[in-house]
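>>> Below: sequence and its predicted model.
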Amino acid sequence: MSKHVVILGGGIGGIATAYNLRRMDSSLKITIVSGRPYFGFTPAYPHLALGWRKFEDITIPLANLLPKFNIDYVPENGESIDPDNNKIRTTSGKEIEYDYLVIATGPKLVFGAEGQEQYSTSVCTAEHALELQKKLEEFYADPGPVVVGAIPGVSCFGPAYEFAFMLHHELKKRGLRHRVRITYITSEPYVGHLGLGGVGPSRRLMEDLFAERSINWIANVKITKVEPDKVIYEDLEGKQYEVPCKLSMLMPRFMGPEVVASAGDKVANPANKMVIVNRCFQNPTYKNIYGVGVVTAIPPVEQTPIPTGAPKTGMMIEQMALAVAKNIVNDIKNSADRYAPELSAVCIADMGGDAAGFFAHPVLPPRATVKHKKAVWMHWFKSAFEKYFLWKVKSGNISPFFEEKALELLLGVHGVRLCKDCSGSPGTC
Ligand SMILES: Cc1cc2nc3c(=O)[nH]c(=O)nc-3n(C[C@H](O)[C@H](O)[C@H](O)COP(=O)(O)OP(=O)(O)OC[C@H]3O[C@@H](n4cnc5c(N)ncnc54)[C@H](O)[C@@H]3O)c2cc1C
């Protein structure tokens, strides 16, 4: 009888794992369980907030898409996991048995500063971005100071930089830029750290980009409170300061959702409830459970005075999805070969007219390759990549051979590597 792989989550990680599995083994039964009825291209959510994209441009309904590739779809969230009996329960109480479980739920958002959820905004989901779009329309009619930034414990800083740069661009276009003071406030020890310990000259570059755009910055501080008209932060000595604002967009912290915690401490990291995985993204205790994407527990790149985490970018997630699919298929075939993702990070901060890109390979230093580029073509590249990624999702082929070849030739990235010993922390193979 064919094996059943259940995947929790229909985002970048879940879809990429499902498509890789389908390509590698046409006989597998694959089920995606995901309460959000669409695939959303998360990197375009800041663009959605600014009205530069429509919801329909960057989302694809799952119910019609997945059956085309012989993937079953359950339009509900997973509520609990019973790892000893190999089954999950959905929010409606349906029990689904699995031979292999891939947890790819993305993060639970933690709005850790007092008043953040109430008085600030976010671009982390399409719904948040649409809400922000409405607020921005009111804001343009009566503008004032803006704070953009990240609270302590954030791992995903890219969207905050992007939003600050893109808002600058939009305000200029509307002839409003001179009426809006923009301040970037962050838990990173310096701007351009990005949760990655910096990438080449990212500190100098980000400082220059902010200075050229008249964006003030305050780094190495803890945002503690948001009020309707101000953001309050604390320095390392605990001294408090406030910055007035009419609008703020602050990145929340990420942790694992309740469904991961329900599987117990051998699956959920006690500190952040993310999925405990080894180098090959397999849970060390329950060997038929894997993690892919933002929900996996990866150690920070370095300790920082105010806690920050390592971002899990799209390229890293595609590499995780490829390794996990290979490992599941090899396990079924009784092959001993196991693969670990290389974990290479690409961050492209769109700035409206141009964009700044960074490449770190691998993410954990020492790095073999570090590249950076700021150019007009990078802006067009990011927009073209969005269309290309959505095409991949629509066509059911997430890892076309030409993409693998191009990454190998241009960046020296192979995506995954054969791993002789899976034990050990992610990114160390
Ligand atoms: C605003 C933003 C911009 C970003 N921009 C970039 C970028 O430009 N470049 C880049 O490389 N990376 C970027 N990232 C980082 C990363 O690529 C994205 O976060 C990416 O979407 C993560 O993919 P994922 O599959 O782990 O999670 P998601 O894409 O969030 O997908 C998770 C899915 O699981 C579903 N789910 C949640 N709970 C459950 C449950 N209990 N049961 C079943 N399903 C569940 C969710 O509804 C969602 O559909 C960005 C992140 C954010 C937040």
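That came in fine, so what should we check first?
>>> quick one: buried residues of stretch 29-41?
Using 16 or more other Cβ atoms under 10 Å as the test for burial, stretch 29-41 gives 30, 31, 32, 33, 34, 35, 36, 38, 39, 40, 41. C-beta coordinates here come from the backbone N, C-alpha and C atoms, glycine included.
>>> Please disregard the earlier target; I meant stretch 51-68.
Buried residues in stretch 51-68, counted by 16+ other Cβ under 10 Å: 52, 53, 58, 59, 60, 62, 65, 66.
>>> all strands for the stretch 201-350 of the chain, in order.
215-218, 222-227, 230-234, 240-244, 247-251, 253-255, 289-291, 339-341, 345-350 (DSSP state E, counting those that start in this stretch).
>>> Format the ones you listed as a markdown table; extra columns: mean pLDDT.
Shown next, in a markdown table, are these (pLDDT from 0 to 100):
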| stretch | mean pLDDT |
| --- | --- |
| strand 215-218 | 98 |
| strand 222-227 | 98 |
| strand 230-234 | 98 |
| strand 240-244 | 98 |
| strand 247-251 | 98 |
| strand 253-255 | 98 |
| strand 289-291 | 98 |
| strand 339-341 | 97 |
| strand 345-350 | 92 |
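>>> Kindly identify which of the buried residues of stretch 29-41 also come near the ligand.
Applying Cβ under 6 Å from any ligand atom to these, one finds that 33, 34, 35, 36 fall near the ligand.
>>> Quick check: strands, which of these are part of them?
Under the assignment DSSP state E, those contribute residue 33 to strands.
>>> any idea which of the ones next to the ligand among the buried residues of stretch 29-41 is the one closest to residue 239?
Ranked by distance to residue 239 (Cβ to Cβ), these are led by residue 36 at 41.7 Å.
>>> State the distance from that closest one to residue 356.
30 Å (Cβ to Cβ, to the nearest Å).
>>> again, but for residue 223
24 Å.
>>> What values do phi and psi take at the single nearest residue of the chain relative to the ligand?
With Cβ to the nearest ligand atom, the shortest gap between the chain and the ligand falls at residue 11, namely 1.8 Å. When read as degrees, to the nearest 10, the backbone of residue 11 gives phi -100, psi -160.
>>> can I assume it is in contact with residue 43?
No: Residue 11 is beyond contact range of residue 43, at 11.5 Å (criterion: Cβ atoms under 8 Å).
>>> Which ones among the buried residues of stretch 51-68 lie within strands?
59, 60.
>>> For my notes, please list the buried residues of stretch 51-68 in a markdown table and give pLDDT for each entry.
Below are the buried residues of stretch 51-68 laid out as a markdown table (pLDDT from 0 to 100):
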| residue | pLDDT |
| --- | --- |
| 52 | 98 |
| 53 | 98 |
| 58 | 98 |
| 59 | 98 |
| 60 | 98 |
| 62 | 98 |
| 65 | 98 |
| 66 | 98 |
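>>> So of the buried residues of stretch 51-68, which two are at opposite extremes in space?
52 and 66, at 28.3 Å, using Cβ to Cβ across those.
>>> Look at residue 223 and residue 356 and report which has more neighbours.
The residue with more neighbours, out of residue 223 and residue 356, is residue 223; 29 against 24, by other Cβ atoms under 10 Å.
>>> Next up, the contacts around the more buried one.
113, 116, 149, 150, 151, 152, 185, 187, 231, 232, 233, 250 (Cβ atoms under 8 Å, 6 or more residues apart in numbering).
>>> Check the residues you listed against residue 395 and report the nearest one.
residue 150 (35.2 Å).
>>> so what's that closest one closest to, chain neighbours aside?
residue 251 (4.3 Å; Cβ to Cβ, 6 or more residues apart in numbering).
>>> That neighbour contacts residue 121, correct?
No: assessed by Cβ under 8 Å, residue 251 is found out of contact with residue 121, at 10.7 Å.
>>> More neighbours: the two, which one.
residue 251 (29 against 22).
>>> what residues are up against the more buried one?
122, 124, 149, 150, 151, 154, 156, 157, 159, 160.
>>> quick one: which of those residues sit in helices?
Those of the contacts of residue 251 mapping onto helices are 159, 160, per DSSP state H.
>>> Filter the contacts of residue 251 down to just the buried residues.
122, 124, 149, 150, 151, 154, 156, 157, 159, 160.
>>> wouldn't the second one be in contact with residue 252 here?
Just to be clear, that refers to residue 124. Yes: counting by Cβ under 8 Å, residue 124 does reach residue 252; the two are 6.6 Å apart.
>>> between the two, what contacts are shared?
Shared contacts of residue 124 and residue 252, counting by Cβ under 8 Å, 6+ apart, come down to residue 109.
>>> Tell me how many other residues crowd residue 104.
Counted with other Cβ under 10 Å, residue 104 comes out at 30.
>>> oh, I was asking about residue 412
Residues near residue 412, counting by other Cβ under 10 Å: 12.
>>> mind listing what it touches?
Residue 412 touches 361, 368, 369, counting by Cβ under 8 Å, 6+ apart.
>>> how about the residues of this structure near the ligand?
Within the chain, the positions near the ligand by Cβ under 6 Å from any ligand atom are 8-14, 33-36, 42-43, 45-46, 77-78, 104-106, 123-124, 156, 158-159, 257, 259, 293-295, 313-315, 317, 346, 348.
>>> Filter these down to the ones in helices?
Short answer: these in helices (DSSP H) are 12, 13, 14, 45, 46, 158, 159, 259, 314, 315, 317.
>>> Can you tell me the closest non-neighbouring residue to the second one?
Using Cβ to Cβ, 6+ apart and skipping the chain neighbours, the partner closest in space to residue 13 is residue 293 (2.8 Å).
>>> Also the first one?
The spatial neighbour of residue 12 that comes closest, neighbours along the chain excluded (Cβ to Cβ, 6+ apart), is residue 317 at 5.2 Å.
>>> For the one you found, give its distance to residue 199.
Distance, residue 317 to residue 199, using Cβ to Cβ: 18 Å.
>>> Residue 79 now?
From residue 79 to residue 199 the distance is 39 Å (Cβ to Cβ).
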